[in-house]
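Colleague: Sequence plus the predicted model coming up.
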Amino acid sequence: MILTDYDTVVHCDEPARSGTLHYCSPEVQQRQDAQLSDDLFALAATFFQLLTNRPPFLHDEELRKDLGLNWAGEAERFPRLRGFFDRATALERTARFASAREAWKFLTAETSETSASRTAPASRLPTPTLTPTPIPTLTLSEQQVPWLQDVLSAYPGSRYGNRETRGLDSEFALATYVETRLDQVLREDIERGAVNLVILFGNAGDGKTALLQYLACQLSGERIDSAQRVWEHRLANGQRLKINLDGSASWNGQCADDLLDDLFAPFHQPDYSHDRTHIVAINSGKLLEWLDRQTQETYLTEQLREALLDETPPRDARLRLIDLNQRSLVGGFDARDATLSSDFFDTLLARLFGGRDIDHWAVCPRCTAQARCTAWASVQIWRDPEQGARFKTRLLDALQACHQRGEIHITARELRAALSYIFFGLEACADRHAQPDRPLEPAARRVFDPNSPGRQGELLRELTRLDPALDSDPDLDRELLSVAAHPAHPDALAQARRCAYFERPDGAVILADGQHYGRFRAAAGLDAVGREALCRDLCAGIACLEALPRGAKPPTHGLPLRVTPRTPTESALWVIKPWERFDLEIPHSAAHQPLEMLPTHVTLCYRLSGGSIERLRIDLELFHRLLELKHGLQLMGRAEEGRFANLALFIQRLAQEDFRELYAWHPAEDERVWRLQMMEQDGRQQLVREVVE
């Protein structure tokens with residue numbers, strides 16, 4: 001078994017770095033400028049050992065390359081190979097093969113001559129003469145990929161950026177637009193006259209303007225520019241369609257408020273005409289501002305307030321308020337079923353790489369910068385079935401964790417910008433050609449490293465919180481450092497963990513604090529049995545939050561919660577809340593909003609004896625901590641305790657609900673647990689104490 005590697009590769013005419021002593025040429029050994037013939041020298045020396053099972057230049061236990069290959073009397077066994085091996089390893093460089101092409105000609109010529117000189121056996125057909133196979137010439141030159149500059153324009157941090165940040169005004173924006181179920185449902189409802197007012201609201205960059213431009217084009221075949229703002233059209237079914245692409249902006253001499261007044265005017269009374277459909281895209285803040293400016297409550301404003309403030313759908317099914325803040329663009333559970341899909345992310349990523357209709361990267365194999373090009377390295381990952389699928393899956397896991405943390409809302413603009421930066425970096429083709437010494441930076445670093453060049457944006461900042469380098473595993477880290485290219489570099493381990501997260505098929509490296517991300521993500525698809533099991537596990541974590549005696553471990557019939565007395569005592573008191581009163585609520589997308597949704601929290605509910613319900617909102621961080629507590633995590637310091645303020649209030653309210661039955665323990669009898677009950681006998685309240693078996 002011969003182990004080879006490429007750690008010492010250099011360009012031709014550059015000083016050689018080093019070589020494996022028994023196989024490299026004398027010039028490489030002396031760190032002279034590398035030539036093509038040096039590769040053929042090493043190739044012949046390696047094949048010689050494979051053939052003879054002897055080190056190629058070991059003569060009487062001494063390494064002597066000036067004596068040539070150590071044939072040891074076996075040269076006659078390989079007369080045809082000897083000519084190739086001896087010439088390839090000649091002492092003088094000028095006597096060796098100058099290139100692989102020259103070596104190929106030598107080998108094929110030798111084969112042709114030998115074949116032609118043979119005499120065919122009488123019982124067989126003549127042996128055909130082998131004709132040398134021509135080698136296609138591949139000339140490298142500086143190539144340009146115009147598509148790459150378009151992709152870079154989606155990232156504001158690039159010097160080509162800030163152009164592709166609004167609507168469908170360019171061919172690139174149109175080529176990378178992803179149709180969602182929301183597009184389909186709105187188009188179908190408008191065509192059959194089932195909707196009269198549609199308000200799309202959310203944050204800037206949510207893709208509202210692009211969605212309406214695409215919708216207008218689908219309904220009319222007419223492409224409109226975002227600068228037009230207000231667009232009107234009569235549909236084939238006679239319906240009058242009016243679209244305001246940006247309800248927060250003025251247009252054509254009219255301020256934004258006047259445009260909104262005009263758009264909403266027909267719908268203030270319940271008997272509005274059904275022969276028109278008005279659609280507006282507006283930011284949430286501007287919509288609330290317009291609503292506050294209304295001096296009288298109307299049929300429309302009343303339903304708007306209920307939808308915005310109480311989060312209840314409009315009573316009128318022909319009025320649609322669609323909150324894009326609820327939409328998950330990185331995968332989610334469809335409102336129609338409980339299946340998890342990532343269609344938007346998958347399609348957007350495929351279109352950034354150019355799709356299947358045209359190969360934007362066809363010139364890259366002929367480019368002089370291919371070995372150090374960020375874009376070409378990503379294209380090769382994308383095209384590799386195994387590596388590409390693994391990288392996409394791991395990146396999607398990280399993006400979904402960012403969404404479910406609930407700290408940011410991932411907009412279409414932010415997601416497209418982040419994908420542009422992660423896979424394509426900051427530099428176009430001309431930039432790479434102008435900087436031939438700039439090293440290739442792995443995509444894994446741009447995903448997680450807070451110090452990666454040109455990094456900006458909320459989503460990229462959120463990804464740094466999940467950096468696998470923030471965790472540690474001594475055994476695994478030693479393994480990663482043992483194969484690192486520069487193990488002494490202070491950032492070597494961090495970069496190794498980031499790369500291993502995407503490259504290792506065993507999944508040994510995970511996101512920081514990511515042991516339970518998968519379970520949190522899958523919560524929305526759980527059935528009743530799965531929800532009950534998850535509810536029990538979260539409650540078990542709550543039970544471990546405070547130290548309780550051994551006898552207070554979670555019993556089969558309920559959750560123990562410690563009662564904190566007003567004055568310190570040596571006794572430990574706790575109550576047990578029955579399991580049947582606990583439930584786990586997991587939010588789903590509302591049926592009236594055709595959006596994919598990925599929950600950012602689950603809600604632990606407890607039904608009090610009086611019928612009211614206490615609720616604890618559990619976000620991803622608290623979810624992780626509770627499951628870690630269940631598995632033995634010990635909290636350290638006040639910083640950790642501060643994260644559980646809401647949980648402490650929830651526990652306190654449950655523990656104080658009913659003191660008619662308490663459990664107690666005292667260190668004087670540390671093997672016993674007592675049950676204290678208030679019981680009524682003969683019209684009198686009595687405290688009964690008994691040992692719990």
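Modeller: Great, that's in hand.
Colleague: Just the C-alpha atoms of stretch 668-680, please, in PDB.
Modeller: What follows is stretch 668-680, C-alpha atoms only, in PDB (Å, rounded to 0.1, in the frame of the first residue of the first chain):
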ATOM      1  CA  ALA A 668     -33.000  13.800  60.500                       C
ATOM      2  CA  GLU A 669     -34.800  11.000  58.700                       C
ATOM      3  CA  ASP A 670     -33.200  11.200  55.300                       C
ATOM      4  CA  GLU A 671     -34.600   7.800  54.200                       C
ATOM      5  CA  ARG A 672     -38.200   8.800  54.600                       C
ATOM      6  CA  VAL A 673     -40.600  11.000  52.600                       C
ATOM      7  CA  TRP A 674     -43.800  12.200  54.200                       C
ATOM      8  CA  ARG A 675     -47.100  13.100  52.800                       C
ATOM      9  CA  LEU A 676     -49.000  15.900  54.500                       C
ATOM     10  CA  GLN A 677     -52.700  16.200  53.800                       C
ATOM     11  CA  MET A 678     -55.500  18.500  54.900                       C
ATOM     12  CA  MET A 679     -58.500  16.400  55.600                       C
ATOM     13  CA  GLU A 680     -61.900  17.200  56.900                       C
END
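Colleague: Show residues contacting the helix or strand harbouring residue 38.
Modeller: According to DSSP states H and E, residue 38 maps onto helix 36-52. Outside of helix 36-52, the residues within contact range by Cβ atoms under 8 Å, 6 or more residues apart in numbering are 2, 4, 12, 16, 19-20, 22-25, 27-28, 54-57, 69, 71-72, 74, 78, 81, 84-85, 88-89, 93, 96-100, 103. No exception for glycine: its C-beta is placed from N, CA and C like everyone else's.
Colleague: Hmm, residue 539 is touching residue 584, no?
Modeller: No: the pair residue 539 and residue 584 fails to qualify as a contact (Cβ atoms under 8 Å) at a distance of 9.6 Å.
Colleague: okay, and the common contacts of those two?
Modeller: Counting by Cβ under 8 Å, 6+ apart, the residues touching both residue 539 and residue 584 are residue 604.
Colleague: what about the stretch 251-400 of the chain, any weak spots by pLDDT?
Modeller: Low-confidence segments of the stretch 251-400 of the chain (pLDDT under 70): 334-338, 355-357.
Colleague: Would you map the strands across it?
Modeller: Using DSSP state E, counting those that start in this stretch, the strands of the stretch 251-400 of the chain run over residues 276-283, 319-323, 332-333, 340-341.
Colleague: Which other helices and strands does the third one contact?
Modeller: Contacts defined by 3 or more Cβ pairs under 8 Å, 6 or more residues apart in numbering; DSSP states H and E place strand 332-333 against strand 340-341.
Colleague: Each with direction, which strands does the strand it packs on pair with?
Modeller: strand 332-333 (antiparallel) (DSSP bridges).
Colleague: Could you check how far residue 597 is from residue 105?
Modeller: As judged by Cβ to Cβ, to the nearest Å, residue 597 and residue 105 stand 65 Å apart.
Colleague: out of the two, which sits in the busier spot?
Modeller: residue 597 (19 against 14; other Cβ atoms under 10 Å).
Colleague: correct me, but the more buried one touches residue 586?
Modeller: No: Residue 597 is not in contact with residue 586 according to Cβ under 8 Å; the separation is 10.4 Å.
Colleague: Residue 169 against residue 224, yeah?
Modeller: No: if you go by Cβ under 8 Å, residue 169 and residue 224 don't touch, sitting 9.5 Å apart.
Colleague: on that earlier part again, which residues are in contact with each of residue 597 and residue 586?
Modeller: residue 524.
Colleague: What subset of the contacts of helix 36-52 is buried?
Modeller: 16, 19-20, 23-25, 27-28, 55-57, 69, 71, 81, 84-85, 88-89, 96-97, 103 (16 or more other Cβ atoms under 10 Å).
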